[in-house]
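Trainee: Kindly return the folded structure for what I paste below:
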Amino acid sequence: MARRASSSLHPGIIIGAIAAVVVAVVAGKSMLGKKTAGFGDVATLQMDELLQNGNSLRGNEYVVEGQIDEKLQWTTNRGQLVSVRVEAPGGDQFVGIEIPPEYNKLNIDTKQKYAFRVKFKQGGIPVATGINRR
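Mentor: Numbers count the residues shown, from 1 in each chain. Coordinates of the predicted model:
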């Protein structure tokens with residue numbers, strides 16, 4: 001009696017399916033790897049406004065994106081103060097941002113890029129109300 005050929009999947013189809021899954025995973029990771037500021041409902045700070053009169057910005061919220069240039073001060077009960085290098089049309093500018101103690105668990109590193117949601121308090125000092133690493 002003659003035997004029938006089995007009806008298993010062709011090896012080319014299996015290899016093609018595995019390749020498609022790998023491509024989908026790599027594409028998904030690259031899309032998720034590009035972090036956005038996450039503060040889309042807040043305007044980006046214009047450096048010329050800050051330089052003209054920072055006190056006039058008090059009470060307003062903005063997004064400041066830049067690289068941590070230096071950690072200026074840190075205390076456990078008052079938080080920390082960092083200098084952020086912000087790219088501006090006339091050249092890089094520096095902004096001091098106060099980071100409240102509730103963000104002490106974050107590892108804020110120098111030479112790393114961050115997006116800060118800031119609210120200006122009396123005297124035109126920006127205080128972080130949200131922090132995302134870029």
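Trainee: what's the burial count for Gly66?
Mentor: Gly66 has 24 neighbours, counted by other CB atoms under 10 Å. Placement of C-beta: from N, CA and C, glycine included.
Trainee: and it, bridged to which residues?
Mentor: Per DSSP bridges, the residues bridged to Gly66 are Tyr114.
Trainee: Arg85 now?
Mentor: Under the criterion used (DSSP bridges), Arg85 bridges to Gln67, Phe94.
Trainee: so it sits right up against Gln67, yeah?
Mentor: Yes. Taking CB atoms under 8 Å as the definition, Arg85 is a contact partner of Gln67 at 4.8 Å.
Trainee: C-terminal to the least confident helix or strand in the chain by mean pLDDT, what's the next element?
Mentor: Ranked by mean pLDDT, DSSP states H and E, the weakest helix or strand in the chain is helix 11-33, scoring a mean of 74. Next in sequence after helix 11-33, counting helices and strands by DSSP states H and E, comes helix 47-53.
Trainee: contacts for that next one?
Mentor: Helix 47-53 is contacted from outside by 56-57, 86, 88, 93, 95, 124, using CB atoms under 8 Å, 6 or more residues apart in numbering.
Trainee: what about the nearest residue to Ile68 once chain neighbours are set aside, neighbour count?
Mentor: If you skip the residues right next to it in sequence, Ile68 has Thr110 as its closest partner in space, 4.9 Å away by CB to CB, 6 or more residues apart in numbering. Neighbour count for Thr110, taken as other CB under 10 Å: 11.
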